[in-house]
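Sequence first, then the predicted structure:
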Amino acid sequence: MSFVLSSKEKGIAKVILQRGKVNALNEPMIEELADSFRNFETDTEVKSIIFTGSGKFFSFGFDVPEFLSYPKKDFIRFMEKFTNLYTYLFRFPKPIVAALNGHTIAGGCMLATACDVRIMATGKGKISLNEITFGAPVFGGSAEMLRFCVGSRNAQSILYSGAMYSAEEALGLGLVDQVSSDDALLEDARKVAQELGEKDSSAFSTIKKILRQPVAEEMVKHEKNYILEFADIWYSQSTREKLKQIKIRS
């Protein structure tokens, strides 16, 4: 069963998360995402990519109930794949426009911050790195990407509070770059993707590398240690009790 829908039209690719009602991230989904983006990286017809979700969620984040059954070593394997994916997206040579169609939570927010531009639909959808509210940390690389997007002071506020932000509040923090209506979201994303895709591809990728390579190097420097620290906290009794209270709508 496919959890990622990929398509392309007139030089713009589209990658859509489609797993249940909340697009919760599990290991097969992360593998599919990586494969989709790798295919579009080497596709010379594709100049830019729109990354979005189906339904009312971009992504809930990790499929917590599924991962509660994972042995620790298997969960570490998943985390390595996940952090490798967002690092890959952060350094991706072509423009990626995240069209945040609804709730963009935890791991979903990490994927969004890896993109070049984030456009979020106004309404009930919230965006958050809320790990601290259920007793988990974030990854080192995700904190670096957040700092790159919003600056150090706002990053601290977002991570310490675990607050859920509306599209308008996220815009004020720099967590998203543009707010759109539900109806106009994909068209607004297409316009931005087209504009960026029309730039000279070699110049764009080099400029992106200049801007992001130092951050990416910092991201990977200590990521393995942070993954192990994350796993220790995730498997602690106090955090496990909080995680057991999290339900996923199928």
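Perfect, thanks for sending it.

all helices of this protein, in order?
27-42, 64-67, 72-90, 107-113, 140-150, 152-161, 167-173, 185-197, 201-221, 223-234, 237-243 (DSSP state H).

most tightly surrounded among those helices?
Of all the helices of the chain, helix 107-113 carries the top mean neighbour count, a mean of 28, counting by mean count of other CB atoms under 10 Å. (C-beta placed from N, C-alpha, C; glycine too.)

so what does that helix touch, helix or strand wise?
Contacts defined by 3 or more CB pairs under 8 Å, 6 or more residues apart in numbering; DSSP states H and E place helix 107-113 against strand 48-53, strand 57-59, helix 72-90, strand 96-100, strand 127-128, helix 140-150.

packing partners for the fourth one?
Of the remaining helices and strands, those touching strand 96-100 by 3+ CB pairs under 8 Å, 6+ apart are strand 48-53, helix 107-113, strand 117-121, helix 185-197.

try it again with 6 Å
strand 48-53, strand 117-121, helix 185-197 (3 or more CB pairs under 6 Å, 6 or more residues apart in numbering; DSSP states H and E).

I'd like the average pLDDT over it.
Per-residue pLDDT over strand 96-100 has a mean of 98.

Parallel or antiparallel, list what pairs with it.
Here strand 96-100 is paired, per DSSP bridges, with strand 48-53 (parallel), strand 117-121 (parallel).

quick one, the first one and helix 185-197 angle?
Using axes from the mean of the first three to the mean of the last three CA atoms, to 10 degrees, the interaxial angle of strand 48-53 with respect to helix 185-197 works out to 150 degrees.

Mind pulling up the pLDDT for the residue lying closest to Ser161 once chain neighbours are set aside?
Leaving aside its sequence neighbours, Ser161 sits nearest to Ile132 (CB to CB, 6 or more residues apart in numbering; 7.7 Å). On pLDDT, Ile132 comes in at 98.

and Ile132, how many neighbours?
Look at Ile132: counted by other CB atoms under 10 Å, it has 15 neighbours.

isn't it right up against Gly162?
Yes - the criterion here is CB atoms under 6 Å, and Ile132 meets it with Gly162 at 4.3 Å.

so how far is Ala99 from the nearest residue to Lys244 once chain neighbours are set aside?
Sequence neighbours aside, Leu68 is the residue nearest to Lys244 in space, at 6.7 Å (criterion: CB to CB, 6+ apart). For Leu68, the distance to Ala99 equals 31 Å [CB to CB, to the nearest Å].

In terms of packing, which of those two has more residues around it?
Neighbour count, other CB under 10 Å: between Leu68 and Ala99, Ala99 has more, with 28 against 14.

re earlier: now tabulate the helices and strands packed on helix 107-113 in TSV and tack on distance to Asn26.
As requested, these are exported to TSV (distance: least, CB to CB, whole Å):
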stretch	distance to Asn26
strand 48-53	15
strand 57-59	11
helix 72-90	8
strand 96-100	20
strand 127-128	20
helix 140-150	18
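
which stretches of the chain aren't confidently modelled?
Filtered on pLDDT under 70, the chain yields the residue ranges 1, 250.

Spell out for me which residue occupies the centre of it.
Leu111 (1.1 Å; CA atoms, centre = their mean).

and it, how far is that from Phe51?
On the measure of CB to CB, Leu111 and Phe51 end up 8 Å apart.

what residues are up against the residue of the chain positioned farthest from its centre?
Centroid-distance maximum for the chain: Gln237 at 27.6 Å, with CA atoms, centre = their mean. Neighbouring residues of Gln237 by CB atoms under 6 Å, 6 or more residues apart in numbering: there are none.

Okay, it and Gly135: tell me how far apart.
10 Å.

swap in Val46?
Taken as CB to CB, the span from Val46 to Gly135 is 40 Å.

Any idea what Val179 is bridged to?
For Val179, the beta-bridge partners under DSSP bridges are Met120.

so it touches Thr122, yeah?
Yes - Val179 is within contact range of Thr122, at 5.3 Å (criterion: CB under 6 Å).
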